[in-house]
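Student: this is a predicted model, with the sequence first.
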Amino acid sequence: MTTPASSTADNHAWLRRQARWSPYELAFWLAVLIPFWVFPTYLTLASQIAITALFAVSVDLVLGYAGIVTLGHAMFFGLGAYAAGLLTKAGWGEPLSGLVLSGLLTALVGLLVSFMIVRVQHLALLMITLGLGLLTAELANSLGWLTGGTDGLQGVDVWPVFNHFEFDLWGYTAYAYALAALFVGVAAARRIVHSSFGLSLRGVRENLNRMPAIGSPWRRHLQIVYTISAGMAGIAGAVLTHTTETVSLDSLSFQRSADVVVMLILGGTGRLYGAILGAAIFMIARDQLSDMNPQYWYFWIGLLLMLVVLFMPKGILGGLSGLLRRLGG
Amino acid sequence: MIGNLAIVLFDGLAFGMLLFVLSVGLSVTLGLMNFVNLAHGAFAMLGGYVTVLVTRELGLPFLWSLPAAFIVAALVSVGFERTLFRRLYRAGELNQVLFTIGLVFAASAAAAYVFGTAQQPIQLPQFLRGVTEFAGLRFGSYRIFLIIIALVITGLLVLGLEYTRFGAQIRAAVDNQRAAQGLGIDVDTVFAVTFALGSGLAGLGGALAIEMVGLDPSFGFHYLVYMMIVVSVGGLGSIAGSFVAASLLGIADVAGKYFVPDLGAFMIYLIMIAVLFLRPQGLFGKR
């Protein structure tokens, strides 16, 4: 028999064990540095992947851990992108503070939206997130004087990072910048999911009826994680603005909301690195098949989605770790 | 001004009736099995392409192609339902959404491969072309035809659901699936038949849509959003709800584009979010 005090200590020890960085993770973060030397011509693509991966990690927090199905997360990505772009046009081009401000703004919007999100479930939840995403895209389109409409936001001028590293044509700075943002984002997300707060989110995902029964303030937990996720998606959008020095309506599109969910499912939900893997596979495949008509490329995406849902419900990373476990014993 | 208003209301109603035919099947099947079937849009597109093939390749008249669109869409959909969809009834809605959206992706790519990405024109019979004058206003003949068809379908659905044995079984299964099963209703078969009928109606809607909104490979994807709005605003499993929601949506869409074109589809999304925020189960939904 354990006393309550020692079992609490056990629980914390268990959480700390879960939170430890594994050698696989260290190997992964070393591997992502390889493009600097081996594929310098693909650095632009690599920074796109890092940005998309950060966006996918933010969606994983709400979808994979808290179980909030969202079809409109591009609204936060796009909002962050436009906020960062408009800030530089207003005369403040310092990138790091731009990231922070854009993240805070989208987190604020996320907090407001979260009051709506926690009221609904199932189909209504799908439709409200979808509707909000479409609404934001329509709004950006009709506010042409502010956003540049279909032409996109032109004349974004970003100052060098730390006043020293200029965003160059080859994308060295861009990739380092996007990678740093991704690393900080993943570290923050790890901290969140390996805390008791993260466990309570998983509880909501697994059984919504039991959480209030054990006295968990689940609505507030969902609102907190939704706000954090919105801010993270906004920062991903802002990184895109800083590295490409332009913003287009595409950053708010339903396509982007749908694509990121597809990436997450491909990689595996609720395991952070699944989001990164899915983003990498999706973006590399699209880059390789870009000479193919986009109509046809979606045939393969559609087929892949159906196969993954039917045969690998935990995604590629989930399937791989299951395979490893079976081989190991 | 009054004349303009009447025409906008009329055009909006016609568009709404089209949306009703497209989405009523989705509403009933969602209410039955809670299966979020985004592939409904793909079945609608299939019906459209069947009509194109039947009228152009076989040279049959447009009116004959409508039942063909219904039957082909119904048969193909029930094939998918029996082999693939039924594996996902117990899966989460995210998996259902992704599987069926994957089917929409693949279907629109296949349509682009077979038919190309261009709009598909069709030949209408003489009496459906042009306009009909009434009280000094000019109403599109095709739109009148569309409204009549939709009203007939609504009447048949309501009568069938209220006064036939099968309709009673569907209502029982929507209200409480387990209790209905306990009473000896074969919910599985009821669902398969309902699914086929609903997808057949989507196919018919796709065929009827060609003249009004055109047909290209993005049809399934584009109108899916409208269908989902009708279903969620109207409430799952409710024919009356779908009818009211589709009419409102059609009129709001046409009126919005006519009077405030700058806002685009803004109004519709705003209305949908407001309705779902206040009544998450939709206007006529029970749960």
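Tutor: That came in fine, so what should we check first?
Student: the helix or strand where B:Val158 lies: which residues count as buried?
Tutor: Per DSSP states H and E: B:Val158 is located in helix B:141-163. Buried residues in helix B:141-163, counted by 16 or more other Cβ atoms under 10 Å in any protein chain shown: B:141-147, B:149-150, B:153-154, B:157, B:161. Backbone N, C-alpha and C define where each C-beta goes, glycine included.
Student: and if you look at stretch A:73-90?
Tutor: Residues of stretch A:73-90 classed as buried: A:73-89 (neighbour count, 16+ other Cβ under 10 Å).
Student: which of the residues you listed fall within strands?
Tutor: Per DSSP state E, strands hold no members of these.
Student: please enumerate residues in contact with the helix holding B:Val158?
Tutor: Residues from elsewhere that reach helix B:141-163 (Cβ atoms under 8 Å, 6 or more residues apart in numbering or on different chains): B:10-11, B:13-14, B:17-18, B:20-21, B:24, B:124, B:127-132, B:166-167, B:170-171, B:201, B:208, B:211-212, B:239, B:243.
Student: and if we set it to 6 Å?
Tutor: Here helix B:141-163 makes contact (Cβ atoms under 6 Å, 6 or more residues apart in numbering or on different chains) with B:14, B:17, B:20-21, B:128, B:130, B:132, B:167, B:208, B:211, B:239, B:243.
Student: can you tell me which two in the residues you listed are farthest apart?
Tutor: Of all pairs drawn from the contacts of helix B:141-163, the greatest distance, 38.6 Å, lies between B:Gly130 and B:Gly167 (Cβ to Cβ).
Student: so if I had to pick from those two, which one is more boxed in?
Tutor: B:Gly167 (15 against 11; other Cβ atoms under 10 Å in any protein chain shown).
Student: measure that one to B:Leu159 for me?
Tutor: According to Cβ to Cβ, to the nearest Å, B:Gly167 stands 8 Å off from B:Leu159.
Student: for the stretch 1-150 of chain B, list the residues in contact with chain A, please.
Tutor: Applying Cβ under 6 Å from any Cβ of the partner chain, we find that the stretch 1-150 of chain B lies next to chain A at B:94-95, B:98-99, B:102, B:105-106, B:109, B:112.
Student: could you dump those residues into JSON lines with pLDDT, neighbour count and secondary structure added?
Tutor: Output for the residues of the stretch 1-150 of chain B next to chain A, formatted as JSON lines (pLDDT from 0 to 100; neighbours: other Cβ atoms under 10 Å in any protein chain shown; DSSP: H, G, I helix; E, B strand; the rest coil):
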{"residue": "B:Leu94", "pLDDT": "81", "neighbour count": "21", "secondary structure": "helix"}
{"residue": "B:Asn95", "pLDDT": "84", "neighbour count": "19", "secondary structure": "helix"}
{"residue": "B:Leu98", "pLDDT": "86", "neighbour count": "27", "secondary structure": "helix"}
{"residue": "B:Phe99", "pLDDT": "89", "neighbour count": "26", "secondary structure": "helix"}
{"residue": "B:Gly102", "pLDDT": "89", "neighbour count": "26", "secondary structure": "helix"}
{"residue": "B:Phe105", "pLDDT": "88", "neighbour count": "26", "secondary structure": "helix"}
{"residue": "B:Ala106", "pLDDT": "90", "neighbour count": "21", "secondary structure": "helix"}
{"residue": "B:Ala109", "pLDDT": "88", "neighbour count": "22", "secondary structure": "helix"}
{"residue": "B:Ala112", "pLDDT": "87", "neighbour count": "20", "secondary structure": "helix"}
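Student: ok, the residues you listed vs A:Ser142, which is closest?
Tutor: Of these, the one sitting nearest to A:Ser142 (Cβ to Cβ) turns out to be B:Phe105, at 28.6 Å.
Student: what's near enough to touch the closest one?
Tutor: Per Cβ under 6 Å, 6+ apart, neighbours of B:Phe105: A:298, A:301-302.
Student: how about 10 Å then?
Tutor: A:258, A:262, A:295, A:297-306, B:42, B:220-221 (Cβ atoms under 10 Å, 6 or more residues apart in numbering or on different chains).
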